[in-house]
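In: What shape does this take:
(chains A and B)
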Amino acid sequence: MSEKTILLDHGSGGTASQDLIGNLFLKYLDNAILHGLEDSAILENQPGRLAFSTDSYVVDPIFFPGGDIGKLAVHGTINDLAMRGARPLCLSLGLILEEGFALADLEKIIASIAEASKSSGVPIVTGDTKVVPKGKGDKIFINTSGIGIVDENLDISSTRGRPGDNVILSGTMGDHGITIMTRRAGISLQGRLESDTMALHTMVAKLVAEVGDGVHTMRDPTRGGVATSLNEIAASCKLSIELKEEDLPVTPEVRTACEILGLEPLYLANEGKCLVIVSAEQTQQALAVMHGCREGAQAQVIGRLIEGPPGRVVINTPIGGSRIVTPLHGEPLPRIC
Amino acid sequence: MKYVDEFRDSALARPLLAELKKSCTRPLRVMEVCGSHTMAIFRNGIRSILPEGFELISGPGCPVCVTSASHMDAFIAMADQPGVRVAIFGDLFRVPGSTGSLANASSRGAKVDIVYSPMDALDLAAANPRDLVVFLGVGFETTTPGIAATIKAAKLRKITNFTVFSTHKVMPPPLTALLDDPELRIDGLLCPGHVSSIIGAGAYQVLVDKYRLACVVAGFETVDLLNGLILLARQVANGAPAVENTYPRAVSWEGNPRALKMVAEIFEPVDMEWRGLGVIPESGLRIRPDYSEFDAEKRLDVVLPEAEEAKGCRCGEILKGKSSPPECPLFNTRCTPANPIGPCMVSSEGTCAAYQKYGGA
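Out: Here you go, the predicted structure:
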């Protein structure tokens, strides 16, 4: 490929498109199913039920500490499948590129997608690329869809929470959200702020294998953060959720950045964390499994499901007070003072 | 986090709560003036554990909330002008004017940039020489010195396409206006921490002398807040009102003379309209004639439009501490954080937003 940037021709379906597919996409993403470049991928039938999920990625900046838009697109859809207890089987990759986008950046992103797909063991089996005129898009948008297999008898769903269930969070809150916000605003802070983007399916598979039916609900608290996900869970299972403020895990770096910008970690996006609603009896077992995995090394109980007004999430403060945790409304915005 | 963790220590705070109960010997109405105090009080769950008869009412200290509808309309009209790029702090984005908000203007194609510092707006002007950048100056003494410094920097860097639309407000005058209202019965003020770091705790002595009002300057952490409330309760119980400062790590009696001098060099007092309170003499700041090249109102010949408050909205009463959000017929029905009608629901520091977000008292 001699051009240094994406041209409208790259999305035309003609020779420039073929050039991009052969010299870039197959170079990094090749596998037996993708190789034939057929109109659709044929997957072998597997026992169990199918899980199917899709997500689009438009993050700005496209490269950030801890990852990039490509890695995020692979991990995000894998995690959405895993949250229903599915073993992710394969992904599709749809790219919308803006005319003039640097090919070097595209190559970096494709290499990152390949690396994330390989290390997760979830291949890209079909794909598509379109190019829009300059100014009609923002560098690169990605869509990934994924198919996974769920065991016949497994039922992990947000309706299954029961009074007395514990809420486990697999690690610290807000790392991804605050990293993106500070990068976008050009705010440089001392200390290490890094996105937590990570695939969770391996840990989830162990959790499901060892704890089984005791795992009632799983949710990855992405946009809207832990607060919004817990509100959704509480509404679905028609219960209240009670949290303890002291138990909410936040790194000192994220906490400091939030203090400066007037934001709450509870509302910031995570890309490598999950909330697990688990029966009281099997909570210790679930924690032991999670602690044995890198993805859940810092997992801890942050609260529990209780009888109460459906959909209400309450946080108990260290001095014995309490307040309601509402879902996020609109984008989190920094305060004036 | 140093200077934060110590002041959030529940082992320190719990005995203070017991002390507050002991100090509170009669029903008490205290106004927390500052929006950040309102938020901090809710976040800590303090309202849910106040002693019986201790009433906290929220005052006019959320800068976004007290910005008049006519100023909001002028901001939005300005953003819609071709060749203008407005720069704002995030809170202002969704605040409704008479028709729509800056968020609506942005969706129409107006250039609206959210910045974290006025200096970012100056950089925006340098990077976009064909646009006239207008920084929408909303805020109290906490924000004004930074904006004065930015105007000085613009002059020094000879950036001619940077301007400020000043609706800045100053703190003691609205308190006097409120306290002159016989309907507002309050025993004490929890005085703002950030504003006081600039104007100094001494600024409230006049309120003690004239209204015999208990005044305590407090910080924003659990221990700061409880300590402030205890001192207020004691002053009232002892019938000995005074200015006390529980935030000496940030606030002195005199304030920050350097910041005050810089503000006085760039700005001069002007009568200013406050949402809910009307026009209060000398309660605002406009850019001095020497710096008029940076005054957006002069550069763009702004005429403030007539604007009406939204029908049924009680933000005005709420800002005066005369109503609480649940008493407003629109609260949580037509006016919600997702679809705010009044400004008190929009800003994260607004009283209605705090009530909605943290579940009221």
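In: which ones are touching the nearest residue to A:Val250 once chain neighbours are set aside?
Out: Distances taken as CB to CB, 6 or more residues apart in numbering or on different chains place A:Pro265 nearest to A:Val250, at 4.7 Å, with adjacent residues excluded. Placement of C-beta: from N, CA and C, glycine included. Taking CB atoms under 8 Å, 6 or more residues apart in numbering or on different chains, we find A:Pro265 in contact with A:173-174, A:178, A:225-226, A:248, A:250, A:254-255, A:258.
In: Sort out for me which of those are in strands.
Out: Counting by DSSP state E, none of the members of the contacts of A:Pro265 fall within strands.
In: Turn these into TSV, including neighbour count and pLDDT.
Out: Formatted as TSV, the entries for those read as follows, by neighbours: other CB atoms under 10 Å in any protein chain shown; pLDDT from 0 to 100:
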residue	neighbour count	pLDDT
A:Met173	29	97
A:Gly174	31	96
A:Ile178	30	94
A:Gly225	25	96
A:Val226	29	98
A:Leu248	18	96
A:Val250	18	96
A:Val254	26	94
A:Arg255	18	92
A:Cys258	22	90
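In: Out of those, which comes closest to chain B?
Out: If you rank the contacts of A:Pro265 by distance to chain B using CB to the nearest CB, A:Arg255 comes first, at 6.3 Å.
In: which residue packs closest to that closest one, ignoring adjacent ones?
Out: If the residues on either side of it in the chain are set aside, A:Arg255 comes closest to B:Met1, at 6.3 Å by CB to CB, 6+ apart.
In: low-confidence ranges in the stretch 1-150 of chain A?
Out: Within the stretch 1-150 of chain A, the segments meeting pLDDT under 70 span A:1-3.
In: can you give me the helices in it?
Out: According to DSSP state H, counting those that start in this stretch, the stretch 1-150 of chain A carries its helices in the segments A:15-20, A:26-29, A:32-35, A:69-82, A:103-120.
In: Among those, show me which one is buried the most.
Out: Counting by mean count of other CB atoms under 10 Å in any protein chain shown, helix A:69-82 has the highest mean neighbour count of the helices of the stretch 1-150 of chain A, with a mean of 27.
In: Take the helices of the stretch 1-150 of chain A and write them to JSON lines, including distance to A:Gln190.
Out: JSON lines is the format used below for the helices of the stretch 1-150 of chain A (distance: least, CB to CB, whole Å):
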{"stretch": "helix A:15-20", "distance to A:Gln190": "41"}
{"stretch": "helix A:26-29", "distance to A:Gln190": "36"}
{"stretch": "helix A:32-35", "distance to A:Gln190": "44"}
{"stretch": "helix A:69-82", "distance to A:Gln190": "25"}
{"stretch": "helix A:103-120", "distance to A:Gln190": "27"}
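In: pLDDT score assigned to A:Arg335?
Out: Looking at A:Arg335, its pLDDT reads 62.
In: Any idea what the residue nearest to A:Leu50 when sequence neighbours are not counted is bridged to?
Out: Using CB to CB, 6+ apart and skipping residues adjacent in sequence, the residue nearest A:Leu50 is A:Ile147, 6.0 Å away. On the basis of DSSP bridges, A:Ile147 takes part in beta bridges with A:Phe52, A:Cys90.
In: B:Ser101 and B:Ala40: what is the separation?
Out: Applying CB to CB, to the nearest Å, the value for B:Ser101 to B:Ala40 is 26 Å.
In: Now do the contacts for whichever residue of the stretch 101-250 of chain B sits closest to chain A.
Out: Of all residues in the stretch 101-250 of chain B, the one sitting closest to chain A is B:Thr142 (4.4 Å; CB to the nearest CB). Contacts were defined as CB under 8 Å, 6+ apart; by that measure B:Thr142 touches A:337, B:194-195, B:197-198.
In: A:Gly66 contacts A:Thr179, correct?
Out: Yes - between A:Gly66 and A:Thr179 there is a contact under CB atoms under 8 Å: 6.4 Å.
In: about what we covered before: where is pLDDT lowest across the contacts of B:Thr142?
Out: Lowest model confidence among the contacts of B:Thr142 falls on A:Cys337, which carries 55.
In: what residues are up against residue 132?
Out: No chain was given, so I picked chain A. A:Val132 makes contact with A:11, A:96-99 under the criterion CB under 8 Å, 6+ apart.
In: wrong chain, I was asking about chain B
Out: Contact partners of B:Leu132, counting by CB under 8 Å, 6+ apart, are B:83-85, B:161, B:163, B:299-300.
In: For beta bridges, what are the partners of A:Gly303?
Out: Going by DSSP bridges, A:Gly303 is paired in beta bridges with A:Val167, A:Leu243.
In: neighbours of it, just the number please.
Out: The number of residues packed around A:Gly303, counting by other CB atoms under 10 Å in any protein chain shown, is 26.
In: What values do phi and psi take at the residue of the stretch 1-150 of chain B found nearest chain A?
Out: Closest approach of the stretch 1-150 of chain B to chain A (CB to the nearest CB) occurs at B:Gly45, with a separation of 2.2 Å. Here the main-chain torsion angles of B:Gly45 (degrees, to the nearest 10) amount to phi 70, psi 20.
In: among the contacts of A:Pro265, which are in helices?
Out: Judged by DSSP state H, helices contain the following of the contacts of A:Pro265: A:178, A:225-226, A:254-255, A:258.
In: For my notes, please list those in TSV and give distance to B:Glu306 for each entry.
Out: TSV is the format used below for those (distance: CB to CB, whole Å):
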residue	distance to B:Glu306
A:Ile178	42
A:Gly225	41
A:Val226	45
A:Val254	46
A:Arg255	46
A:Cys258	41
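In: pretty sure B:Phe140 is touching B:Lys169, no?
Out: Yes - in this structure, B:Phe140 sits in contact with B:Lys169. The criterion is CB under 8 Å, and the distance is 5.7 Å.
In: Name the residues contacting each of the two.
Out: When contacts are counted by CB under 8 Å, 6+ apart, B:Phe140 and B:Lys169 are jointly contacted by B:Pro63.
In: helix, strand or coil for B:Gly109?
Out: The three-state label given to B:Gly109 by DSSP: H, G, I helix; E, B strand; the rest coil is coil.
In: any idea how far it is from B:Arg85?
Out: Distance, B:Gly109 to B:Arg85, using CB to CB: 12 Å.
In: ok, the two, which is more surrounded?
Out: With other CB under 10 Å as the criterion, B:Gly109 and B:Arg85 differ in neighbour count, and B:Arg85 comes out ahead with 21 against 10.
In: Near chain B, which residues of the stretch 51-200 of chain A are found?
Out: A:185-187 (CB under 8 Å from any CB of the partner chain).
In: Would you format those as a markdown table with pLDDT, neighbour count and distance to B:Trp253 included?
Out: Shown next, in a markdown table, are these (pLDDT from 0 to 100; neighbours: other CB atoms under 10 Å in any protein chain shown; distance: CB to CB, whole Å):
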| residue | pLDDT | neighbour count | distance to B:Trp253 |
| --- | --- | --- | --- |
| A:Ala185 | 76 | 16 | 36 |
| A:Gly186 | 76 | 11 | 37 |
| A:Ile187 | 76 | 17 | 33 |
